[in-house]
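# Build the 3D model from these lines:
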Amino acid sequence: MKKLFFISLTLLFLSTQAQENFPLPTNAQKQWQDMEFYLFVHFGPNTFTGEEWGSGKEKAELFNPTQLDCNQWCKIAKAAGAKGIILTAKHHDGFCLWPSKFSNHTVKQSIWENGNGDVLKKLSIACKTYGLKMGVYLSPWDRNHPDYGTAKYNDVFINMMKEVVSNYGPFFEFWWDGANGEGPNGKKQIYDWKRFEQTMRNIAPNTILFSDIGPDARWVGNENGIAGTTNWNNLDTATFTRGLGAPSTKSLNEGNENGKAWIPAECDVSIRPGWFYHSTENNKVKTPQQLFNLYLKTVGRGANFLLNVPPNTKGLFNAEDSASLIDFKKLLDDNFKNNLLKNAMLQTVVQKNKRLEIERREISYQLLLKNTEKINCIVLKENMKSGQLIKQATVSIGNNGEVVKQIFITTVGRKRILTFPAVNANEVVIVITHAKAKPALQNIEGYLIDESLIEKQ
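Alright, predicted model coming up:
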């Protein structure tokens, strides 16, 4: 077996060419990425019809959540460790969960609270009460509005954006779905995305704008809650459009190593098979263990974790969903409470060499534990003040000089969580083998997590 001594001295070279202007996160993007985990709430007429995509012909009086309690949503979200809630303020059916002045298909036309109800207002107050951030999903597709499919509808959609921002903001994220189908007149809309984006920049400059191509956060390319094991925060968006004109699934999942814009990934997935509540799925709620594994495949790969929890017809999070969420938080707390590398002696080695007239640099981190510990999880965090720079690295776990586990990885990014079968260790060595420029690791942590939680990643 290889000796760690030789690994730490192996000449692995990194270019030290002049620092380039790599994409960097804005302050709003930094704060957004630090949130890590928050909830999606799909709620509307589909909750009562059992559909996933409404036709837009549903009668408004169908919407009648007799026990709606946004405080209950927030209480569960807080207990689950979520940092915010994004609500489907308007889905493709066009039904508005607030009494919009720009539509006749809203809660005002429903029998709920005699037409005086306002879900956005209730959630806004509840989020403030529980210290959560609020976001909204506003679908530009509208299968009910009579102006959809005409130039006038772009004004309608812009007015709706202004309305929700001014009445219920500020929002931490604004979610644009790229879906574009026919409206009630049989026509499709030509969305004026440039105006939509410019409007949001003017009225909510610190709100993260999400879509296939950002501009601030991107879809990860699937609805399974799985980011790429290679995951760049960078993305190229030139020549691409939202919806059918989006970048390839591979690009959305992995980003682009040399992408020109900083557009990190968000992983959306539902706690149930469907996005809206269906009573037939009460026994199909993801378990706490499944949620933990999704956390490893989202946050643990440098992306944000957006978990959908749909309220039932009463307007409440169902008991099965709530229990799974709370137990998921307990798994996180129990398994990440004891950092085994907290008191390890850290040595950073930087060596220079010249080959082929090009100056190169080796950077390695060696952590020596005071005692031998059983370990099966390493957490790395890249200092991205100069951008995301690490392209490849090797993590070697040793015990008394012998390598007992070695892992080769590509990107690190904001956070990278590596899990493996438990081994005894008293030394950890991380060697950055390829990078765009001189990189730095901000955090190195080690844990012994429940072996039953480790699945193939």
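# Next one, pLDDT for the residue lying closest to T410 once chain neighbours are set aside please.
Using CB to CB, 6 or more residues apart in numbering and skipping residues adjacent in sequence, the residue nearest T410 is T230, 4.3 Å away. Any C-beta I mention is one placed from the backbone N, CA and C, and that applies to glycine too. Turning to T230, the model gives it a pLDDT of 98.
# cool, P439 as well?
We have a pLDDT of 86 for P439.
# That one sits in which helix or strand?
Using DSSP states H and E, P439 sits in no helix or strand.
# now do I363
Under the assignment given by DSSP H and E, the secondary-structure element containing I363 is strand 358-382.
# Which strands or helices does that strand pack on?
If contacts are counted by 3 or more CB pairs under 8 Å, 6 or more residues apart in numbering; DSSP states H and E, strand 358-382 sits against strand 14-15, strand 345-355, strand 390-399, strand 416-435, strand 441-447.
# Could I get the average pLDDT for that strand?
When the per-residue pLDDT values of strand 358-382 are averaged, the result is 86.
# quick one: buried residues of it?
By neighbour count, and taking 16 or more other CB atoms under 10 Å as the criterion, the buried residues in strand 358-382 are 360-367, 369, 373, 375-382.
# Could you check the angle that strand makes with strand 390-399?
Regarding strand 358-382 and strand 390-399, their directions subtend 70 degrees when assessed with axes from the mean of the first three to the mean of the last three CA atoms, to 10 degrees.
# just to revisit the earlier point, which one of the helices and strands packed on strand 358-382 lies closest to L307?
Each of the helices and strands packed on strand 358-382 was checked against L307 via CB to CB, and the shortest separation belongs to strand 416-435, namely 16.9 Å.
# And that closest one, what's buried?
In strand 416-435, the ones that count as buried by 16+ other CB under 10 Å are 416-420, 422, 425-433, 435.
# Q388: what's it in contact with?
By CB atoms under 8 Å, 6 or more residues apart in numbering, Q388 lies in contact with 22-23, 232-234, 382, 411-413.
# So which of those wins on neighbours?
When neighbours are counted as other CB atoms under 10 Å, the busiest of the contacts of Q388 turns out to be N233, with 29 neighbours.
# gap between that one and T411?
Relative to T411, N233 is positioned 9 Å away (CB to CB, to the nearest Å).
# okay, and the common contacts of those two?
302, 388.
# wait, what's in contact with Y153?
Listed by CB under 8 Å, 6+ apart, the contact partners of Y153 are 142, 145, 147, 183, 189.
# Which of those residues has the largest number of neighbours?
When neighbours are counted as other CB under 10 Å, the busiest of the contacts of Y153 turns out to be D142, with 28 neighbours.
# my read: it touches G56, true?
Yes - in this structure, D142 sits in contact with G56. The criterion is CB atoms under 8 Å, and the distance is 7.1 Å.
# shared neighbours, those two?
Between them, D142 and G56 share the contacting residues 92, 94, 183, judged by CB under 8 Å, 6+ apart.
# The closest residue to the first one other than its chain neighbours: what secondary structure?
In this case it means H92. The spatially closest residue to H92, leaving aside those adjacent along the chain, is W141, at 4.6 Å (CB to CB, 6+ apart). Of the three states, W141 takes coil according to DSSP: H, G, I helix; E, B strand; the rest coil.
# right, and W141 touches D177 too?
Yes - because the distance of 7.0 Å satisfies CB under 8 Å, W141 is recorded as touching D177.
# Quick check: neighbours shared by those two?
Common neighbours of W141 and D177, counting by CB under 8 Å, 6+ apart, are H92.
# Looking only at neighbour counts, state which of those two leads.
In terms of neighbours (other CB under 10 Å), W141 is the more surrounded of W141 and D177; the figures are 25 against 20.
# OK, contacts around the more buried one?
Under the criterion of CB under 8 Å, 6+ apart, the neighbours of W141 are 92, 148, 177, 179-181, 183, 189.
# ok, back up a step: quick one: the shared contacts of D142 and G56 as a markdown table, columns for distance to T239 and pLDDT too.
Shown next, in a markdown table, are the shared contacts of D142 and G56 (distance: CB to CB, whole Å; pLDDT from 0 to 100):
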| residue | distance to T239 | pLDDT |
| --- | --- | --- |
| H92 | 27 | 97 |
| G94 | 31 | 98 |
| G183 | 28 | 93 |
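# out of those residues, which one sits closest to N338?
For N338, the nearest member of the shared contacts of D142 and G56 is H92. The distance, counting by CB to CB, is 46.2 Å.
# List the contacts of the residue nearest to Q33 when sequence neighbours are not counted.
Computed as CB to CB, 6+ apart, the closest residue to Q33 that is not its neighbour in sequence is R414, at 5.2 Å. Under the criterion of CB under 8 Å, 6+ apart, the neighbours of R414 are 33, 233, 264, 302, 381-382, 384.
# Next, give phi and psi for R414.
Its backbone dihedrals place R414 at phi -60, psi -40, with angles given as degrees, to the nearest 10.
# From the chain's centroid, how far away is stretch 52-63?
Centroid separation between stretch 52-63 and its chain, computed with CA atoms, centre = their mean, to the nearest Å, is 29 Å.
# could you give me the average pLDDT of that stretch?
In this model, stretch 52-63 has an average pLDDT of 96.
# gap between the two ends of that stretch?
This stretch, stretch 52-63, spans 15 Å end to end (CA to CA, to the nearest Å).
# Check which residues of it are buried.
54, 56, 58, 60, 62-63.
# Using a markdown table, lay out those together with secondary structure.
Output for the buried residues of stretch 52-63, formatted as a markdown table (three-state DSSP):
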| residue | secondary structure |
| --- | --- |
| G54 | coil |
| G56 | coil |
| E58 | coil |
| A60 | helix |
| L62 | helix |
| F63 | coil |
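# So which of these is the closest to W193?
Relative to W193, and with distances defined as CB to CB, the nearest of those is G56, at 21.9 Å.
# Hmm, P184 and the closest one touching each other?
Yes - taking CB under 8 Å as the contact criterion, G56 and P184 are neighbours in contact, 6.2 Å apart.
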